[in-house]
Structure formats: structure tokens, C-alpha cells
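> predicted model and sequence below, questions to follow.
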Amino acid sequence: MYYKIGIRPIIDGRRKGIREGLEDQTMDMAKIAADLISSKVTYSDGTPVQCVIADTTIGGGYEAALCEEKFSKENVVATLSVSPCWCYGTETTDNNPTTIKALWGFNGTERPGAVYLAAAMAAYAQNGQPCFAIYGHDVKDIGDKEVPADVEEKLLRFARCAVAVGEMKNKAYCNIGAVAMGIAGSYCNVEFFSKYLGLRAEWVDEVEILRRMELGIYDEEEFKKALAWTKEHCPQGDDNVNDPPIVQGDERSEKDWEFTVKMTLIIRDIMLGNPKLAEMGWVEESCGRNALLGGFQGQRQWTDYKPNADFCEAMLNSTFDWNGKRKPVILATENDGLNGVSMLFGHLLSHTASIFADVRTYWSPDAVERVCGMRPEGKAANGFIHLINSGAAALDGTGAADGMMKKWWEMTDENIDACLKATDWRPANLGYFRGGGFSSHWKTLAEMPVTMMRLNIVDGLGPVLQIAEGYTCVLPDQIHNTIDKRTDPTWPTTWFAPRLTGKGAFKDVYSVMANWGANHGSLSYGHIGADLITLASMLRIPVSMHNVPDDDIYRPHCWSAFGTKDLESADYRACKNYGPLYK
């Protein structure tokens with residue numbers, strides 16, 4: 001089910017000379033906006049976003065009600081009102097408390113679209129309904145149908161973020177297991193998921209995986225296909241941590257590979273469902289959990305006994321598997337659902353894979369020189385943060401797909417092959433993972449624009465989001481090998497340099513690390529911080545830390561009523577005042 005954006009063409013209701021002359025221009029604005037959004041914004045499955053336009057222009061309350069009646073049958077998650085002229089404020093606004101709202105007022109002198117925009121913003125604020133204002137910087141002629149660049153940017157940002165809100169609605173977070181090693185992010189906060197994201201929490205005990213294995217509740221033919229593909233494309237790397245070493249082809253290695261691949265299919269089926277299971281007589285299991293994302297506990301009870309889920313998590317989070325390219329299945333390591341939500345935000349806005357990582361170590365230039373005998377240069381010149389995981393990171397993070405992380409539907413067979421060839425699978429360190437398994441081992445091969453993010457929950461405050469735009473760094477072998485080997489040579493590594501502003505949490509790289517709110521973070525391709533800020537405002541989640549320029553911040557118009565000098569503190573006050581999206 002696709003959630004749509006409803007376009008509301010608002011017109012001056014005075015007939016016998018005024019309304020008649022505005023009908024075409026007003027409806028054209030609606031069509032232009034709809035065409036722009038559908039041509040440039042997609043759902044996470046790659047299909048164009050659907051827009052629905054009111055049947056008539058809206059000049060008063062009666063037509064507003066007809067529009068609402070239509071939209072109520074069309075799965076509209078957000079409305080965009082458009083107008084080139086003065087209209088009657090509260091008589092034409094979208095009063096549905098559940099929709100996300102924006103209004104584009106045409107900047108022209110012939111008709112005062114800006115006056116209606118201002119009147120409507122005042123009405124929305126007074127009624128407690130946040131609305132995004134869209135108003136072009138330069139005056140346009142009344143017949144000009146070209147959308148100005150600044151207007152287009154806001155229209156598309158609003159659409160991308162509103163669609164992300166819709167894609168989360170009525171889905172689920174699937175906990176597989178319980179709390180991992182006392183990590184606070186893996187405590188599932190039902191109130192947060194339901195009130196802020198519209199997600200239901202689902203719990204599945206890890207024993208369900210063993211039950212499905214024992215009773216054969218999986219597609220045997222797909223398992224054989226997946227295992228053969230894995231043996232061909234996922235080479236087992238050297239074991240330089242265990243004594244005696246685990247060697248490819250030995251009895252333990254073969255059993256671990258079979259178990260791990262089978263577990264990957266089962267976890268996917270638990271989350272998403274699989275019609276093949278219904279054909280086998282397992283109808284309930286075939287339905288899945290309607291999960292948009294999930295988490296796997298692993299440590300310690302599972303991994304002390306059975307192979308770890310590093311292969312499962314790495315492959316499911318990637319944009320491909322044995323069936324070819326496909327949408328990533330967001331699965332958080334150590335059941336850290338808050339980092340899983342961060343991964344989800346990044347994926348819904350970028351449509352690329354998300355990298356789950358430990359925010360492990362800050363390396364200053366002086367420390368690098370002391371340990372490695374040379375100083376870092378380029379993007380890494382001011383120091384960098386070592387992002388590393390226990391092997392559960394998406395293979396897209398290699399940067400082997402033409403030096404970037406691509407939207408999943410843009411991945412080619414050559415891109416997939418390159419990511420696979422840049423990765424080997426090291427036997428798990430039995431000191432950490434007594435039950436065995438394999439860890440993806442790779443390094444990021446390209447300098448890429450990325451955004452690191454993390455959602456945290458603070459008692460008395462609620463959820464807060466942290467954002468750090470920056471770049472992955474390619475370090476000389478003398479630096480990479482020295483640091484990587486002293487950390488854990490079996491795990492995937494990304495060197496991250498945040499973009500510095502010279503003040504606050506972004507004064508230097510050390511300050512970014514020092515202000516980070518948890519031991520985990522999520523990395524997404526591109527500089528998507530501005531989109532994240534807009535999305536967070538829709539969900540009423542304040543942003544506690546970011547390095548996005550002020551000119552790129554786009555929040556509901558009424559946020560300015562909470563202060564314009566300090567945008568960060570105004571964001572906190574506005575989010576507290578309006579409360580979560582789903583109360």
C-alpha cells in the first residue's frame with residue numbers, strides 16, 4: 001500500500017469575475033507540483049511517488065470537505081496546498097490533524113499569494129497544526145509556469161520526508177531476542193515506536209530460528225541456491241585470531257556456513273513473510289511480522305552457543321543477495337533498535353544501504369603519527385573516527401560500486417560482483433563468539449560523501465537525533481594496516497572524517513566523538529542532513545547535534561514562533577509543545 005501526497009489547489013472563492021479568471025492558473029499549479037514530485041521522488045521500492053489532486057479548486061469549506069473526503073480514500077499521508085492568490089484562510093486550510101502539511105504560495109504581484117500564505121500559516125499555528133511554508137525568493141510573472149529552484153528544493157524535500165513518514169506508518173519493528181550485553185538501545189521502547197514513528201513492536205524469541213530449522217520451515221530449494229551462491233561468491237578469509245585456526249572446507253567451517261545461510265533465510269522470512277511457506281502448509285509463518293526493520297540480539301546467549309548473525313546482518317542490509325539486487329532489509333546488530341531506526345531513516349531518504357558501526361576510536365593526527373610514523377592528509381588531515389563492526393556491515397560500504405553506494409535499483413551485476421570481490425569472510429573470533437560464524441571483512445575503498453546519524457532516548461526529554469555530515473577517507477596502507485591490525489583485523493573498517501564548523505560539537509573531530517550519544521552509529525550515502533532535520537521535525541524529534549548550514553534547515557513555519565536566534569533550542573521547544581506525531 002502506497003501512501004500518497006494530496007495536492008489541494010486553493011483559490012479566491014469570489015465568483016462573477018475573480019475566481020473564474022484564476023481556475024486554470026490554480027489547477028495548473030497543482031498539476032505542476034504533482035508532476036514535479038512524481039518525476040523526482042520515489043518510494044523505497046524505486047517506484048515514483050503517487051500524488052492525488054482534488055477534483056476541483058478549493059474556494060471554501062464545502063470544497064475543502066469534498067477534498068478531504070476524496071483524500072480519506074486515497075491513503076494520503078501529506079497534503080500540499082498551492083495557491084497563486086488571496087484565499088480565505090481557515091475556510092480553505094487542511095484541518096485533518098493526521099496529515100503532514102505544506103503550502104506553496106506563488107510569489108507574484110498581480111495576486112497576493114504571499115498574503116494568503118501568511119494568513120494560512122497564522123491559522124495553522126493558532127490551531128496547533130504545524131505546516132511547512134513554501135515561498136519563492138524572487139517575484140515571478142503571473143503566467144510563469146517554471147518552478148524556481150528554491151521552491152523546487154523545498155517541494156521535493158517536503159515530499160521525500162513526508163513519504164518516509166508514510167512508509168513507516170503501520171509497519172513493525174521486529175525484536176529477535178532480547179537485550180544484548182546491557183546496551184540501552186536494545187531495550188525496545190514501545191511508546192517511542194508507536195507514538196513517534198507509527199510502528200508496532202513485535203517480539204520473537206531466538207528459539208524460533210532453531211524451531212524453523214528443525215522442522216524445515218524454510219524454502220529448501222532457495223537454501224540450496226543461496227548456499228551454492230555463497231560458496232562461489234563469499235570466500236572464507238584467513239583465520240589469524242583463533243588457535244588452532246578454522247580452515248575453509250573443514251568440518252566446522254562447512255557446518256557453520258550451512259547454519260548461517262539457513263539462518264539468513266529464516267530471519268528474512270520472520271520479518272517479511274514468504275508465500276512459499278504457505279504452500280508448504282505453514283500459513284501462519286508465511287505471513288511474517290510486517291516488519292520494516294528488525295534487530296537480532298546475538299550476544300551473548302546465542303553467540304556463546306550458535307554461530308553469530310554477522311553474515312545474516314551484512315547480507316540482509318546489503319542491496320543484493322543470491323537473487324540479485326533488492327531492497328535492503330534493515331536488521332540492527334545487537335538488537336540496537338535505536339540504531340536500527342537511524343539506519344531506517346537513512347535508507348528511506350537515500351534508498352541506499354545503511355552501515356551499522358561501532359563509533360570506535362578517535363584518532364588525532366598526532367596519535368596517528370606516533371603509531372604509524374606519518375601524519376594523515378586530505379580529508380583525514382584533522383583526524384578521523386574509526387567506524388568498525390563485528391562483521392555485520394552491508395557490503396555496499398566497500399564503495400566498490402563505482403566509488404559510491406548506489407540506490408538499490410541502480411546496482412548492476414558488475415557492481416554486485418565488485419562488492420563481493422572486495423569482501424572476504426573471516427572466521428569469527430571464538431573469544432567473542434564461542435559459537436562460531438563468520439565476519440564480513442572489508443575496508444571502504446573510496447572517498448564518499450556520507451552522513452552519520454544516531455537516535456537516542458533521554459529520560460525526561462524523549463528521543464533526540466544526532467547528525468554528522470562528512471566523508472569516508474582512504475588512508476595510506478602504512479596507516480590503515482597499522483591501526484586496523486591493532487583493533488580487529490577480522491572486521492570491516494570505515495575511516496570517517498566529519499565536516500567541521502569550528503564551533504560547538506563540530507569544533508574538531510575529537511568534539512564530535514566526545515558528544516556522540518551512544519556506542520553505535522549509522523552511516524548513509526550522501527549529505528542528507530537537511531532531509532533528516534526536516535523528517536525529524538515532522539516526527540517532532542529534536543536534533544541535538546548537526547553540522548548542516550542554517551540556510552539549509554527547513555522546518556514547519558511555526559517553529560519560528562519558538563525563537564529565531566537559536567534554532568536548536570527553538571526546535572526543542574517546538575517539539576515539546578506539539579508532542580509526538582501519533583499521540
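All right, it came through fine.
> so how far is residue 311 from the nearest residue to residue 308 once chain neighbours are set aside?
Spatial nearest neighbour of residue 308, chain neighbours left out: residue 437 (3.6 Å); criterion: CB to CB, 6 or more residues apart in numbering. (Each C-beta comes from the backbone N, C-alpha and C, glycine too.) Noted for residue 437: a distance of 7 Å to residue 311, by CB to CB, to the nearest Å.
> shared neighbours of those two, anything?
Taking CB atoms under 8 Å, 6 or more residues apart in numbering as the contact definition, residue 437 and residue 311 share the neighbouring residues residue 260.
> so what's the residue nearest to residue 308 up against?
With CB under 8 Å, 6+ apart, residue 437 has these contacts: 256, 260, 303, 307-311, 427-428.
> now do the helices in the stretch 251-400 of the chain.
For the stretch 251-400 of the chain, applying DSSP state H, counting those that start in this stretch gives helices covering 251-272, 275-279, 283-286, 310-317, 337-350, 365-372.
> likewise the stretch 51-200 of the chain?
Under DSSP H, counting those that start in this stretch, the stretch 51-200 of the chain gives helices at 61-71, 89-92, 113-126, 149-168, 190-192.
> got it, and the stretch 451-583 of the chain?
Using DSSP H, counting those that start in this stretch, helices in the stretch 451-583 of the chain cover 477-487, 509-515, 529-539, 567-578.
> turn the ones you listed into a markdown table, including mean neighbour count, mean pLDDT and distance to residue 403.
Converted to a markdown table, these look like this (neighbours: other CB atoms under 10 Å; pLDDT from 0 to 100; distance: least, CB to CB, whole Å):
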| stretch | mean neighbour count | mean pLDDT | distance to residue 403 |
| --- | --- | --- | --- |
| helix 477-487 | 15 | 91 | 17 |
| helix 509-515 | 18 | 97 | 23 |
| helix 529-539 | 23 | 98 | 21 |
| helix 567-578 | 17 | 97 | 34 |
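> need those helices in a markdown table (columns: distance to residue 362).
A markdown table is the format used below for those (distance: least, CB to CB, whole Å):
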| stretch | distance to residue 362 |
| --- | --- |
| helix 477-487 | 12 |
| helix 509-515 | 4 |
| helix 529-539 | 20 |
| helix 567-578 | 23 |
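> could you point out which of those sits nearest residue 327?
With respect to residue 327, and counting by CB to CB, the nearest of the helices of the stretch 451-583 of the chain is helix 529-539 at 18.8 Å.
> list the contacts of the closest one.
Helix 529-539 has contacts (CB under 8 Å, 6+ apart) with 100, 130, 157-158, 160-162, 164-165, 196-197, 345-346, 349, 451, 453, 465, 467-469, 542-543, 546-548, 552-556, 559, 571, 574-575, 580-581.
> repeat that for stretch 367-379.
Applying CB under 8 Å, 6+ apart, the set of residues contacting stretch 367-379 is 363, 365, 381, 383-384, 447, 470-471, 473, 475-476, 478-479, 482-483, 486, 497.
> what count of nearby residues applies to the closest residue in space to residue 42 that isn't next to it in sequence?
Nearest residue to residue 42, sequence neighbours excluded (CB to CB, 6+ apart): residue 48, at 5.8 Å. Per other CB atoms under 10 Å, the neighbour tally for residue 48 reads 13.
> could you check how far residue 48 is from residue 146?
21 Å.
> by residue count, tell me the biggest strand in the protein.
strand 462-473 (DSSP state E).
> C-alpha coordinates for that one, PDB please?
Provided in PDB are the C-alpha atoms of strand 462-473 (Å, rounded to 0.1, in the frame of the first residue of the first chain):
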ATOM      1  CA  GLY A 462      12.400  11.800  24.900                       C
ATOM      2  CA  PRO A 463      14.100  11.000  21.500                       C
ATOM      3  CA  VAL A 464      16.800  13.200  20.100                       C
ATOM      4  CA  LEU A 465      18.700  12.800  16.800                       C
ATOM      5  CA  GLN A 466      22.400  13.500  16.100                       C
ATOM      6  CA  ILE A 467      23.700  14.200  12.600                       C
ATOM      7  CA  ALA A 468      27.200  14.500  11.300                       C
ATOM      8  CA  GLU A 469      27.900  15.000   7.600                       C
ATOM      9  CA  GLY A 470      31.400  14.200   6.400                       C
ATOM     10  CA  TYR A 471      33.400  11.900   4.200                       C
ATOM     11  CA  THR A 472      34.900   8.400   4.200                       C
ATOM     12  CA  CYS A 473      38.700   8.500   4.000                       C
END
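> and it, how far out from the chain middle?
Here strand 462-473 is found 12 Å from its chain centre; the criterion is CA atoms, centre = their mean, to the nearest Å.
> quick one: it to helix 477-487, angle?
On the basis of axes from the mean of the first three to the mean of the last three CA atoms, to 10 degrees, strand 462-473 is oriented at 140 degrees to helix 477-487.
> so which elements touch strand 462-473?
Other elements packing on strand 462-473 under the criterion 3 or more CB pairs under 8 Å, 6 or more residues apart in numbering; DSSP states H and E are strand 449-458, strand 493-498, helix 529-539, strand 543-545.
> quick one on the thing from earlier: out of the helices of the stretch 451-583 of the chain, flag the one nearest residue 187.
helix 529-539 (19.9 Å).
> that closest one: how far from the chain's middle?
11 Å.
> tell me the angle of it relative to strand 462-473?
170 degrees.
> may I have helix 529-539 as CSV, with CA atoms only?
Provided in CSV are the C-alpha atoms of helix 529-539 (Å, rounded to 0.1, in the frame of the first residue of the first chain):
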residue,chain,number,x,y,z
GLY,A,529,21.5,16.0,7.0
ALA,A,530,19.0,18.7,5.8
ASP,A,531,16.5,16.0,4.9
LEU,A,532,17.0,14.3,8.3
ILE,A,533,16.3,17.6,10.0
THR,A,534,13.0,18.1,8.1
LEU,A,535,12.0,14.5,8.7
ALA,A,536,12.7,14.8,12.5
SER,A,537,10.6,18.0,12.7
MET,A,538,7.7,16.1,11.1
LEU,A,539,8.1,13.4,13.7
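> hmm, residue 78 and residue 169 touching each other?
No: the criterion here is CB atoms under 8 Å, and residue 169 misses it with residue 78 at 11.1 Å.
> more crowded one of those two?
Per other CB under 10 Å, whichever of residue 169 and residue 78 has more neighbours is residue 78, with 22 against 17.
> so what's that one up against?
5-6, 99-102, 158-159, 162-163, 165-166.
> what's the closest non-adjacent residue to it?
Nearest non-adjacent residue to residue 78, counting by CB to CB, 6+ apart: residue 162, 3.5 Å away.
> how close does that neighbour get to residue 423?
Here the criterion is CB to CB. By it, residue 162 lies 36 Å from residue 423.
> same question, residue 20
65 Å.
> over to residue 68?
Using CB to CB, we find residue 68 at a distance of 51 Å from residue 423.
> compare those two and say which is more crowded by neighbours.
In this view residue 68 and residue 423 are compared by other CB under 10 Å, and residue 423 has more residues nearby, 24 against 19.
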